[in-house]
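Trainee: no sequence for this one, just the structure:
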């Protein structure tokens with residue numbers, strides 16, 4: 001743990017300068033663990049390009065954001081006006097009405113339709129020129145940083161995934177190149193994990209999969225700030241609630257290798273270099289593991305990259 005220096009109400013004349021930005025930290029009193037609570041980059045770097053989404057407008061199915069003013073009905077036009085133009089939802093039996101503004105949390109609440117394997121998936125609009133979220137390339141060579149804040153109203157029978165992928169599928173084996181967080185309560189309609197209570201980081205390089213079992217137990221109504229950072233060497237690291245975790249170098253598409261938090265003064269174990277020139281898409285999704293509706297709150301998401309690789 002680093003030594004705390006209290007500045008209290010210190011005033012400065014002129015701008016405060018920092019070579020590596022500013023961070024908002026808190027400390028868990030019982031453990032002494034420090035958490036980086038910073039969302040995004042409070043001081044933007046002129047060498048990077050940034051996007052942030054706080055969901056001031058509600059995402060719906062793709063068709064809601066695509067409109068023909070000469071042919072569509074008044075109700076379709078009304079739905080278009082209020083729809084989020086950067087993000088859409090999809091998934092098995094997903095509907096626009098199943099995404100709402102949360103009554104108890106900041107952000108949106110996505111709920112599955114109620115059948116086994118129903119899905120609610122959030123992604124940028126993939127239509128050409130619809131949004132910079134998909135129009136911009138988030139390549140493994142671009143020093144991409146992605147993050148989100150999510151929470152689950154209940155832990156019962158679900159698969160949850162969030163991160164950078166080639167497709168919207170929750171299965172580890174589907175995408176040859178990817179890096180994303182995953183939590184699931186069992187192996188039904190999915191791969192087996194060694195422990196279903198924890199967050200896992202999945203990354204794949206040229207079809208070889210790696211699963212890091214992160215020592216963070218997933219609980220209901222608990223916000224999780226998930227972050228992935230890819231360096232200029234294409235090696236990636238991950239954070240949960242401001243704590244950086246090591247990443248496994250042991251391959252495998254099932255199970256999961258237990259990893260630990262990065263200790264002060266010790267270099268983080270990162271992924272090997274991700275496959276070069278691979279453009280990834282940010283996805284957040286939930287899939288029901290039984291015939292009952294499952295839900296996820298999405299509070300915030302952001303992404304950035306070097307202006308030029």
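Mentor: Received, thanks. Here the structure is a predicted model, which means the values were calculated and not measured.
Trainee: would you map the strands across the stretch 101-250 of the chain?
Mentor: Counting by DSSP state E, counting those that start in this stretch, the stretch 101-250 of the chain has strands at residues 108-111, 119-124, 145-151, 158-165, 178-184, 198-205, 208-217, 224-230, 236-240, 243-245.
Trainee: tell me the mean pLDDT over the shortest one?
Mentor: In this case it means strand 243-245. Strand 243-245 comes out with an average pLDDT of 97.
Trainee: ok, residues contacting it?
Mentor: Residues outside strand 243-245 that contact it (Cβ atoms under 8 Å, 6 or more residues apart in numbering): 33-36, 201, 212, 214-215, 237-239, 259-262, 268. The C-beta positions use only the backbone N, C-alpha and C, and glycine is treated the same way.
Trainee: among the strands of the stretch 101-250 of the chain, which is nearest residue 293?
Mentor: Residue 293 sits nearest to strand 108-111 of all the strands of the stretch 101-250 of the chain, at 5.4 Å, using Cβ to Cβ.
Trainee: if any of the contacts of strand 243-245 are buried, put those into a PyMOL selection.
Mentor: To isolate the buried members of the contacts of strand 243-245 in PyMOL, using 16 or more other Cβ atoms under 10 Å:
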select buried, resi 34+35+36+201+212+214+237+238+239+259+261+262+268
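Trainee: specify the beta-bridge partners of residue 302.
Mentor: Beta bridges link residue 302 to residue 52, residue 147 when assigned by DSSP bridges.
Trainee: still on that earlier bit, so which of the strands of the stretch 101-250 of the chain gets nearest residue 63?
Mentor: Among these, the nearest to residue 63 by Cβ to Cβ is strand 119-124 (14.5 Å).
Trainee: got the angle between that closest one and strand 158-165?
Mentor: 20 degrees (axes from the mean of the first three to the mean of the last three Cα atoms, to 10 degrees).
Trainee: give me the residues contacting strand 119-124.
Mentor: Against strand 119-124 from outside (Cβ under 8 Å, 6+ apart): 59, 86-94, 98-99, 108, 110-112, 131, 133-134, 168, 170, 281-288, 294-296, 298.
Trainee: at 7 Å what do you get?
Mentor: Residues outside strand 119-124 that contact it (Cβ atoms under 7 Å, 6 or more residues apart in numbering): 59, 86-92, 94, 98, 110-112, 131, 133-134, 168, 281-287, 296, 298.
Trainee: just the buried ones from those residues?
Mentor: Neighbour-count burial (16+ other Cβ under 10 Å) is assigned, among the contacts of strand 119-124, to 59, 86-91, 94, 98, 110-112, 131, 133-134, 168, 281-287, 296, 298.
Trainee: and the gap between residue 76 and residue 190?
Mentor: Using Cβ to Cβ, to the nearest Å, we find residue 76 at a distance of 36 Å from residue 190.
Trainee: neighbour count: those two, which is higher?
Mentor: Using other Cβ atoms under 10 Å, the more surrounded residue of residue 76 and residue 190 is residue 190, with 19 against 16.
Trainee: isn't that one right up against residue 158?
Mentor: No: applying Cβ atoms under 7 Å as the test, residue 190 and residue 158 come out as separate, 10.4 Å apart.
Trainee: which elements pack onto the longest helix seen in the chain?
Mentor: Criterion DSSP state H: the longest helix present in the chain is helix 74-82. For helix 74-82, not one helix or strand is in contact under the criterion 3 or more Cβ pairs under 7 Å, 6 or more residues apart in numbering; DSSP states H and E.
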